[in-house]
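Student: just need the structure, nothing else, for what follows:
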Amino acid sequence: MTETTDLMIELRAVAKSFGTGAGAVHALQGIDLAVPRGELLAVRGRSGSGKTTMLHVAGGLDDADEGEVRVDGVDVRALDEAGRLRLRREHVAYVFQSFGLVLELTAAENVSVPLRLTRTDPGERDRRVAEVLERVGLGPHARQTPRQLSGGQQQRVSLARALVGEPAVLLADEPTGQLDSETAREVMTLIVQLVRERGMTAVVTTHDPMIVAYADRVLELVDGRLHATEPLPA
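Tutor: Residues are numbered from 1 along each chain as shown. This is a model prediction of the structure:
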């Protein structure tokens, strides 16, 4: 069993509901999750199974109703809003299925947003933005806006923006959900490479059976409850 000191993400008996009474939706029901440092975990499940809610709770975007949430040993639920903002700004990065790009900004400007928030020196900021755009194969597209890019390219910009701050944790919510199969493979291959090279911990949600083949471990989320899955065939 992995020692607690080796864990990057810990959820213990986490519950989260939306609404009250008979109409309440129990998105998470007693979730227990332990993700070691450097692991690429895939969490699969149908739409509405609670995948997005689990990521939001794990990364401090939303608060659980019950249970314990820790990131790198930090009690996330004990943090005030400023503390959670700092956690997200300095340690946790998100990749959203809908890309989440600012349409009026260029690819480089979108990627630079996290570094502007941390007031990174402009010279260092420009260097890191250019480096990560090259890493995701978008160096020649740095001055283009999202409207001038394909869906796959927009997702690469989103990934570059998540990685430019060199986060310890990457949370990706169905990052290939709007991509064709070939582009999805390219994006997942890139995520795997970056996780391995940088030693990040990554949790990727998906309902695509093809994507889970890239993960170190796969869990299934059904009606707000996590279940282990059988090992994938080699």
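Student: you'd agree Val204 is up against Arg44?
Tutor: No: with contacts counted by Cβ atoms under 8 Å, Val204 stays clear of Arg44, the gap being 9.3 Å. Backbone N, C-alpha and C define where each C-beta goes, glycine included.
Student: so between the two, which is more surrounded?
Tutor: For Val204 versus Arg44, neighbours defined as other Cβ atoms under 10 Å are more numerous around Val204 (28 against 22).
Student: for that one, give me phi and psi.
Tutor: phi -120, psi 120 (degrees, to the nearest 10).
Student: and it, bridged to which residues?
Tutor: Here Val204 sits in beta bridges with Ala42, Ala172, going by DSSP bridges.
Student: report the contact partners of it.
Tutor: Each residue near Val204 by Cβ atoms under 8 Å, 6 or more residues apart in numbering is listed here: Leu40, Leu41, Ala42, Val43, Ala172, Pro175, Met188, Ile191, Ile211, Ala215.
Student: could you find the closest non-adjacent residue to the last one?
Tutor: Setting aside the residues directly before and after it, Ala215 is nearest to Ala42 in space (Cβ to Cβ, 6 or more residues apart in numbering), at 3.6 Å.
Student: buried ones in the least confident helix or strand in the chain by mean pLDDT, by neighbour count?
Tutor: Within the chain, confidence by mean pLDDT, DSSP states H and E is lowest for helix 181-198 among all helices and strands, at a mean of 82. For helix 181-198, the neighbour count (16 or more other Cβ atoms under 10 Å) marks Thr183, Ala184, Arg185, Glu186, Val187, Met188, Leu190, Ile191, Val192, Leu194, Val195 as buried.
Student: before we move on, what about stretch 25-40?
Tutor: For stretch 25-40, by 16+ other Cβ under 10 Å, it's His26, Ala27, Leu28, Gln29, Ile31, Leu33, Ala34, Val35, Arg37, Glu39, Leu40.
Student: next, format these as JSON lines and append pLDDT and secondary structure.
Tutor: Formatted as JSON lines, the buried residues of stretch 25-40 follow (pLDDT from 0 to 100; DSSP: H, G, I helix; E, B strand; the rest coil):
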{"residue": "His26", "pLDDT": "90", "secondary structure": "strand"}
{"residue": "Ala27", "pLDDT": "93", "secondary structure": "strand"}
{"residue": "Leu28", "pLDDT": "95", "secondary structure": "strand"}
{"residue": "Gln29", "pLDDT": "94", "secondary structure": "strand"}
{"residue": "Ile31", "pLDDT": "94", "secondary structure": "strand"}
{"residue": "Leu33", "pLDDT": "95", "secondary structure": "strand"}
{"residue": "Ala34", "pLDDT": "95", "secondary structure": "strand"}
{"residue": "Val35", "pLDDT": "96", "secondary structure": "strand"}
{"residue": "Arg37", "pLDDT": "92", "secondary structure": "coil"}
{"residue": "Glu39", "pLDDT": "94", "secondary structure": "coil"}
{"residue": "Leu40", "pLDDT": "94", "secondary structure": "strand"}
